[in-house]
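**Student:** Using only what follows, build the 3D model:
(chains A and B)
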Amino acid sequence: MTLLKISGGKVVDPVHGIKGEVLDLWIRDGVIIAKPANPEETPDKVIDASGRLIMAGGVDMHCHIAGPKVNLARKMRPEDKRNARPVQRTLLTRSGTGGSVPSTFATGYLYAGLGYTTAFDAAVPPLGARHAHEELQDTPLLDKGFYVLMGNNHYALKQIAANEPGRLRDFTAWLLQASKGYAIKLVNPGGVEVWKSGGGNIHELDEQVGHFSCTPRQIIQGLAQTAMDLELPHPVHVHCNNLGLPGNWRTTLATMEALEGRRAHLTHVQFHSYGGEPDRQDLFSSKTLELAEYVNDHPNLTVDVGQVLFGNTTSMTGDGPLGYYLHKVTGGKWTNADTEMEAGCGIVPVTYREKSFVNALQWAIGLEWYLLVKDPWRVAMSTDHPNGGSFLAYPQIIQLLMDRNCRREVLKRVNPRVLERSQLWDLDREYSLEEIAIITRAGPARCLGLKNKGHLGPGADADITIYNESADIRAMFEMPWKVIKDGVVVVDQGEIREAEGGRTYYVHPEFDSAGVNDIQKWFESFYTIQFANYPVGEEYLAGGGVRSSCGSRS
Amino acid sequence: MTELKVVANATCTFCGCVCDDIELTVEGDHITKAKNACVLGKAWFLNHHVEPGPSARIRGKEVSLEEAMDEAARILTDAKFPIVYGLSDTTCEAQRVAVAIADWVGACIDTTTSVCHGPSGMAFQGVGEVTCSLGEVKNRADLVIFWGCNPAESHPRHWTRYSTMPKGLFVPRGRKDRTVVLVDVRKTKSAPAADIFLQIRPRMDFEVLWVLRALVKGLKLDPADLADTGVSLQQLEDLAGKMKSCKFGVLFFGMGLSMTRGKHLNVEAALALTRDLNDFTRFYAAPMRGHGNVTGADNVVSWQTGYPFGVHLGKGFPRFNPGEFTTTDTLARKEADAAMIIASDPMGNFSQAARDHLGTIPYIALDPKETATTAAATVAFTTATYGINVPGTVYRMDDVPIPLRAAFDSPHPSDELVLRGIEKRVRALQRASAAAR
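**Tutor:** Alright, predicted model coming up:
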């Protein structure tokens, strides 16, 4: 029973309305507690945080850090690592490679070094779940989990086409249990299956998905409803159709409308907010305002941004046809990896250039999203790591959000046509530290249903980041003074002090086991592994795992 | 009386097919039946016996596990240029610890990939790869090409389980719905099963693949350009036409591509050809991986270091350079001054120069069987066999991770247990030495 006190720091804890007041924090056995009632009780250790700023540990709700596609990207891109600063081995820590797709140990250290203590991989095919879990076990210092790709799953599509919501619900619960995943992910619903069935894509919500008698609209509605019926901690996580295509904002708006009030999270919305027409680059424009207004008026929706940063990175996606599209744009190397009955995958190196009109507008659209969504609780920080850029760019984004002059300086540099097609120059809003704390931890934690994360009240996990207060916002967020995970100082002024820890979060929704026979029959007809060998055992869960509860059902 | 036990859904780790539908009948410490296994799998399971000798030896003399692990840790930490090699026939759980040890001691970590599909990995870095899980082939493929491989003898169940025979969602009649093509330099036992067999001249793979690329792109060629290839323009035009008009094509390639003249360039040509075909239809490529968990080794080394094989950790961070950091090279150039060999037999199959040098340096060997490598090792561990005595994870040739079920216990420790013991000791020695400084 160790008692830790962090004294004298300025606390920013939006969940509890604390906006920089000087407060002491008390921690017992890795959990934040109220100040001990007994004045005789003295802490075993005191961290003097006077003059420093304290927030809960950062929560990244959408990144690509583990599993089949991430590892394919590592294998495909040695040049990316050669250009990046390597992570040196120490007596305590493992070595690794950086770049847009860091190796696993490096990923854990780099996130922790940035003051982030939780991160969720956004796209894992269930057949590769065991792989993702193995990598998460080798990704230290983070609490973590992943979302399960379902928007092109044959069994799910079959049940949606047959209007069998009960069977869809049972299957979803079974699949989440089998993969030890955390949430339902839709990627280009229906479009990936079309791509896998001879090529092509889907462009309209009411187009039929190849040989399945269902449409993207029905997939979106069916699985959004399923997530709600199962009372999953996180609602359906949607990567809309038509990612990256000019004019796709109509699809995005139609997707929001199709939800008809159901809860949903729309991810990397920056990539889905483009005006214009598919074959007319000259008409490319921002439609953030129209979409953000819709989000502002519809509290059932949350978004993360998928901010683009200038430079070289790796696009990796479950959106197979998108990978092909990008390959055709870049003309460079391309990996596509399709998974039987479940999903697709595309990986392409990409470079975002300041002088490129399209790239610069993408950058501006991302920032517009942060600035135009009025309620910061419903917009989360993300670069869709590494698709828009590395998670290591978060401090840079924070600076751009807190300082309008800083973003105007960039606007002066980039392709000038951006000023005509985006309203970023005119957006005066500057984020406060409280708002930054919301979009980087409190909001994503709430959206994920992680009750013990994103805040500093009694009962919260003692995942705490202490920053040196500084006028240089970017420097302040790039190197926290101390990072505390489960009550233990894991990073001290950029140096890793503890190299282990972190657990895998997963859900275990209940379902009617009568449905399993039908699932098994289907599975055994089409898969190439045994039904009994499909589910991932608890031995694959990092730190023994944490089972998040699903409403009243579990 | 020996107890009879049946293990259902057991996984065979003999080859990269990693069939996980085997039903084992176990009597004591013998497997007496291996239902569903192919001839290679049956040999793997039924001939399995536990090595009678000790679990640990130093210079041939029986010692306790602890003594052997102490000595192994000492050898690795004393070395200036240690190497860790093998890994393709053990669990991912053991591989992960092996890479950790290599990292702590600043070793070169390399796997048997460097002597089989290493060039395929390099081609992947150049071109990328349009690939898929084997179930996609089973359910959709109507054109299946095997190039430079002989699945009838090396991967006997590949055809029946994954690629040519099975009835799938969009190929309901199985083999009848598919065209099967074999391209090789000799008529192997796989040839009779193919609809089309193209016998090309040895060392002409790149040229033939490049011609196919040109034909797929619609270029007109002179038949004389193909004079040395062993095949005619008409044959290749016919094949290119089939490739463009199929609904789902796949090209499986073996070491006949990756380890013959041209090596990674051959594979780059194959990957580029199959990539190009996606402008017309869906077309995929996949290497026919040999060892049971060589694909897992690629994955583990990649996720821990960022590179798939041939990784040097001696500067405190990973560097990749095949030819420089691959094991045949570090041995033949006499650079390595200590080694740890896991589940591999370089003394049995490396070049004379590499073997000669390995014989002069202290090295540790882990293997379930007595091999030329264990016989000459400074420290030799006899370990339990993965997939027979040890559970864990292996990756099928298409990167699908599959669990192992143990059939019976071995008196010998697992690779993972031995490696964990060595890792613990290495780290203790390093901490002590740091404290002394």
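**Student:** With the flanking residues excluded, which residue is spatially nearest to the most centrally placed residue in chain B?
**Tutor:** Taking Cα atoms, centre = their mean, the centroid of chain B lies closest to residue B:294, which sits 3.1 Å from it. Nearest residue to residue B:294, sequence neighbours excluded (Cβ to Cβ, 6 or more residues apart in numbering or on different chains): residue B:88, at 3.7 Å. No exception for glycine: its C-beta is placed from N, CA and C like everyone else's.
**Student:** mind checking which helix or strand residue A:134 is in?
**Tutor:** Assigned by DSSP states H and E, residue A:134 belongs to helix A:129-137.
**Student:** how many neighbours does residue B:403 have?
**Tutor:** By the other Cβ atoms under 10 Å in any protein chain shown criterion, the neighbourhood of residue B:403 contains 24 residues.
**Student:** A strand includes it, no?
**Tutor:** Yes: counting by DSSP: H, G, I helix; E, B strand; the rest coil, residue B:403 is located in a strand.
**Student:** which residues does it form a beta bridge with?
**Tutor:** Beta-bridge pairing of residue B:403 under DSSP bridges involves residue B:393.
**Student:** what sits against it?
**Tutor:** Residue B:403 makes contacts with A:130, A:533, A:537, B:11, B:20, B:391, B:392, B:393, as judged by Cβ atoms under 8 Å, 6 or more residues apart in numbering or on different chains.
**Student:** rerun that using 7 Å as the cut-off
**Tutor:** Taking Cβ atoms under 7 Å, 6 or more residues apart in numbering or on different chains, we find residue B:403 in contact with A:533, B:391, B:393.
**Student:** before we move on, what about residue B:248?
**Tutor:** Contacts of residue B:248 (Cβ under 7 Å, 6+ apart): B:140, B:141, B:142, B:282.
**Student:** And the strands in the stretch 401-550 of chain A, which stretches?
**Tutor:** A:464-468, A:482-485, A:488-492, A:495-496, A:505-507, A:546-548 (DSSP state E, counting those that start in this stretch).
**Student:** so which of those gets nearest residue B:114?
**Tutor:** In terms of Cβ to Cβ, the element of these nearest to residue B:114 is strand A:495-496, at 31.6 Å.
**Student:** in its sheet, what does the closest one sit against?
**Tutor:** When DSSP bridges is applied, strand A:495-496 pairs with strand A:488-492 (antiparallel).
**Student:** buried residues in the partner strand?
**Tutor:** Buried residues in strand A:488-492, counting neighbours by 16 or more other Cβ atoms under 10 Å in any protein chain shown, are found at A:488, A:489, A:490, A:491.
**Student:** ok, now how distant is the nearest residue to residue A:479 once chain neighbours are set aside from residue A:8?
**Tutor:** Among residues not flanking residue A:479 along the chain, residue A:494 sits closest, at 5.1 Å (Cβ to Cβ, 6+ apart). Using Cβ to Cβ, to the nearest Å, one gets 22 Å for the distance from residue A:494 to residue A:8.
**Student:** Please say which of those two ends up with more neighbours.
**Tutor:** More crowded of residue A:494 and residue A:8, by other Cβ under 10 Å: residue A:8, with 16 against 11.
**Student:** Please look at the more buried one and residue A:25 and confirm they touch.
**Tutor:** No: counting by Cβ atoms under 7 Å, residue A:8 does not reach residue A:25; the two are 10.0 Å apart.
**Student:** The nearest residue to residue A:377 once chain neighbours are set aside: neighbouring residues, count only.
**Tutor:** Counting by Cβ to Cβ, 6+ apart, residue A:443 is the residue found nearest to residue A:377 once chain neighbours are left out, at 4.8 Å. Using other Cβ under 10 Å, residue A:443 has 26 other residues around it.
**Student:** try residue A:280
**Tutor:** By other Cβ under 10 Å, neighbour count at residue A:280 equals 10.
**Student:** Contact partners for it?
**Tutor:** Applying Cβ under 7 Å, 6+ apart, the residues contacting residue A:280 are residue A:246.
**Student:** Who does it form a beta bridge with?
**Tutor:** residue A:277.
**Student:** Return the distance of it relative to residue A:247.
**Tutor:** 9 Å.
**Student:** Ok, residue A:8 next?
**Tutor:** From residue A:8 to residue A:247 the distance is 54 Å (Cβ to Cβ).
**Student:** Over to residue A:368?
**Tutor:** With Cβ to Cβ as the criterion, residue A:368 and residue A:247 are 17 Å apart.
**Student:** which of the two has more neighbours?
**Tutor:** Neighbours per residue, other Cβ under 10 Å: of residue A:368 and residue A:247, the larger number sits with residue A:368, 24 against 19.
**Student:** The residue lying closest to that one once chain neighbours are set aside: how many residues sit nearby?
**Tutor:** Nearest residue to residue A:368, sequence neighbours excluded (Cβ to Cβ, 6+ apart): residue A:288, at 4.0 Å. Residue A:288 is flanked by 29 other residues according to other Cβ under 10 Å.
**Student:** show me where pLDDT drops low in chain A?
**Tutor:** The model of chain A has pLDDT under 70 over residues A:1, A:552-554.
**Student:** quick one, what contacts the closest residue to chain B within it?
**Tutor:** Across chain A, no residue is closer to chain B than residue A:340, which sits at 2.7 Å (Cβ to the nearest Cβ). Residues near residue A:340 by Cβ under 7 Å, 6+ apart: A:127, A:526, A:527, A:528, B:133, B:135, B:136, B:139.
**Student:** got a markdown table for those residues, with neighbour count and distance to residue A:372 too?
**Tutor:** Shown next, in a markdown table, are those (neighbours: other Cβ atoms under 10 Å in any protein chain shown; distance: Cβ to Cβ, whole Å):
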| residue | neighbour count | distance to residue A:372 |
| --- | --- | --- |
| A:127 | 26 | 39 |
| A:526 | 17 | 45 |
| A:527 | 21 | 45 |
| A:528 | 27 | 47 |
| B:133 | 30 | 41 |
| B:135 | 25 | 44 |
| B:136 | 28 | 42 |
| B:139 | 25 | 45 |
